[in-house]
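**Student:** Predicted coordinates and the sequence they were generated for:
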Amino acid sequence: MIVGVLGPAGSYSDKAAKGWMEKQGISDSSSLLYYDDISDTFSAVIEGKTEIGIIPIENSIEGSVGITLDLLLDSDVTIIGEVVVPIEHCLLSKGKMDDIRVILSHPQALAQCRQFIRTHFRNVEIRTTGSTSHAAKLANEFEEMAAIASKESAEAYGLNILMPNIQDRKQNHTRFIAIRRTDSETGETNTEDACTHKTSIIAYIGNDKAGSLYELLGEFAKRDINLTRIESRPSKRSLGDYLFYIDLEGSTSDAIIKDALYHIESRVSMLKVLGSYNGYQLDS
Ligand SMILES: O=C(O)C(=O)C[C@]1(C(=O)O)C=C[C@@H](O)C=C1
């Protein structure tokens, strides 16, 4: 199985991909292909260059990864799995704290360490990179650069860990999804130690009237279906016009979920079922 992921090696996405592959019993990590950004990973799946893409979708401090939500709406892909990874950002450099003039990292990582940066640095330049591991690779070239990345990246790119665990909240987890092209048959190969089973959908109500969201959610409530996430995201059609991203417990193979989605379909302008899948939690 060929798996595409945000790279280079040492990114948290890389860690998520290896963890998910291990849970699936796929031992050959040589089937990992690295991409410069999240949209390239989606494209690799859609163009058939990789069977699976491992994509960050939500972080416990910073919330959803917007580009992922947008690409899930626009791309013909299906979610077949999920893996939650503990995130421990470190400040990495070849130089010392006083040498640092530039801090590099992925925008999500910078946002998760916003307070740390404000507290420890006054006149540094912040530069964004496509991934935390790309930041570590660049920081290897100049002593005045520091990267916010994983301890794995420190080893991979010969950097010192100036400060470990620098994110603004010690509890920091990112949820990654495993996606495949919708017309492919690739599926999970192992569900043994899965800890969650959920279905993700996108709904666009369209005809905005009082109670329309209440009625949509009521189709789940009256069937005792538990929602684990609901998020409104701009439809990009006009200000105040939203899509709803909803995760719920259960599978589309369950009659009760099928029945709920059948009734919701008549209440909305658009309903996209992203997939039913198992979730895994990595320990570290
Ligand atoms: O840059 C990486 O290492 C990634 O895997 C991307 C990413 C993200 O997009 O959220 C993943 C986990 C962290 O939240 C920080 C960055």
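**Tutor:** Looks like it arrived, so ask away. Keep in mind the model is a prediction, meaning the values are calculated, not measured. Numbering: from 1, shown residues only.

**Student:** So is stretch 56-66 next to the ligand?
**Tutor:** Yes: using C-beta under 6 Å from any ligand atom, a contact is recorded between stretch 56-66 and the ligand, made by 56, 59, 65. Using the backbone N, CA and C atoms, a C-beta is placed for each residue, glycine as well.

**Student:** Okay, buried residues for the helix or strand hosting residue 147 please.
**Tutor:** When secondary structure is defined using DSSP states H and E, the element that contains residue 147 is strand 145-149. When neighbours are counted by 16 or more other C-beta atoms under 10 Å, the buried residues of strand 145-149 are found to be 145, 146, 147, 148, 149.

**Student:** Report the contact partners of the first one.
**Tutor:** When contacts are counted by C-beta atoms under 8 Å, 6 or more residues apart in numbering, residue 145 is found next to 93, 95, 100, 101, 102, 103, 104, 138, 139.

**Student:** can you redo those as TSV with distance to residue 270 and neighbour count?
**Tutor:** Shown next, in TSV, are the contacts of residue 145 (distance: C-beta to C-beta, whole Å; neighbours: other C-beta atoms under 10 Å):
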residue	distance to residue 270	neighbour count
93	47	27
95	52	17
100	48	20
101	48	14
102	44	16
103	41	23
104	39	26
138	41	16
139	44	31
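
**Student:** For the residues you listed, point out the one with the lowest pLDDT.
**Tutor:** Within these, residue 95 has the lowest pLDDT, namely 93.

**Student:** ok, so of the buried residues of strand 145-149, who is nearest the ligand?
**Tutor:** The nearest member of those to the ligand, counting by C-beta to the nearest ligand atom, is residue 149 at 6.7 Å.

**Student:** Please list all residues in contact with that closest one.
**Tutor:** Shown in contact with residue 149 (C-beta under 8 Å, 6+ apart): 10, 11, 89, 90, 92, 105, 109, 132, 133, 135, 136.

**Student:** Can you lay out those residues as JSON lines showing pLDDT and neighbour count?
**Tutor:** Listed next are these as JSON lines, based on pLDDT from 0 to 100; neighbours: other C-beta atoms under 10 Å:
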{"residue": "10", "pLDDT": "95", "neighbour count": "25"}
{"residue": "11", "pLDDT": "97", "neighbour count": "28"}
{"residue": "89", "pLDDT": "98", "neighbour count": "26"}
{"residue": "90", "pLDDT": "98", "neighbour count": "26"}
{"residue": "92", "pLDDT": "98", "neighbour count": "30"}
{"residue": "105", "pLDDT": "98", "neighbour count": "29"}
{"residue": "109", "pLDDT": "97", "neighbour count": "28"}
{"residue": "132", "pLDDT": "98", "neighbour count": "30"}
{"residue": "133", "pLDDT": "97", "neighbour count": "29"}
{"residue": "135", "pLDDT": "98", "neighbour count": "29"}
{"residue": "136", "pLDDT": "98", "neighbour count": "33"}
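
**Student:** Residue 4: which of the contacts of residue 145 is nearest?
**Tutor:** For the contacts of residue 145, the closest approach to residue 4 (C-beta to C-beta) belongs to residue 138, at 22.0 Å.
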